[in-house]
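Peer 1: Give me a model of this one.
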Amino acid sequence: MASDLLQSLANDQVPDRPHGMTRQVHERLNPLLVTLHLAEFVLQTLPYAFFHFLRALLGACLFSLTGEFRNEGENHGT
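Peer 2: Numbering: from 1, shown residues only. The predicted structure is shown next:
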């Protein structure tokens, strides 16, 4: 059945795209895509990276002060 559908689609004629359509689409979508990309980066990526960097920095400071490495989670070494 899937091959019949693909064969029927292969025989269909596809009209050419309108002249200038790509320019209009790009002019409308590019500002939106850049805005969404920057918003995602600022609101999701940066806080995630800062959180994990601060955890590592805090762990290094605690190790420097106490001399003991804090073992979080399961101990797979034993």
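Peer 1: Beyond the one helix or strand residue 36 maps to, next helix or strand please.
Peer 2: Using DSSP states H and E, residue 36 falls within helix 21-40. Downstream of helix 21-40, the first helix or strand assigned by DSSP H and E is helix 46-66.
Peer 1: Is residue 10 in a helix, a strand, or coil?
Peer 2: Secondary structure, DSSP: H, G, I helix; E, B strand; the rest coil: residue 10 is helix.
Peer 1: tilt between the helix holding residue 36 and helix 46-66?
Peer 2: Counting by axes from the mean of the first three to the mean of the last three C-alpha atoms, to 10 degrees, helix 21-40 lies at 30 degrees to helix 46-66.
Peer 1: From residue 70, how far off is residue 45?
Peer 2: Distance of residue 45 to residue 70, given as C-beta to C-beta, to the nearest Å: 26 Å. To be clear about C-beta, it is placed using only N, CA and C from the backbone, and glycine gets the same treatment.
Peer 1: typed the wrong thing, it's residue 53
Peer 2: Relative to residue 70, and taking C-beta to C-beta, residue 53 is found at 17 Å.
Peer 1: same check, this time on residue 57
Peer 2: Relative to residue 70, residue 57 is positioned 13 Å away (C-beta to C-beta).
Peer 1: quick one: low-confidence parts of this protein?
Peer 2: 1-2, 72-78 (pLDDT under 70).
Peer 1: Quick check: chain neighbours aside, which residue is closest to residue 63?
Peer 2: With C-beta to C-beta, 6 or more residues apart in numbering as the criterion, residue 63 has its nearest non-adjacent residue at 5.7 Å, and that residue is residue 69.
Peer 1: How many residues are close by the one you found?
Peer 2: By the criterion of other C-beta atoms under 10 Å, residue 69 has 9 neighbours.
Peer 1: does it count as helix, strand or coil?
Peer 2: Classification of residue 69 using three-state DSSP returns coil.
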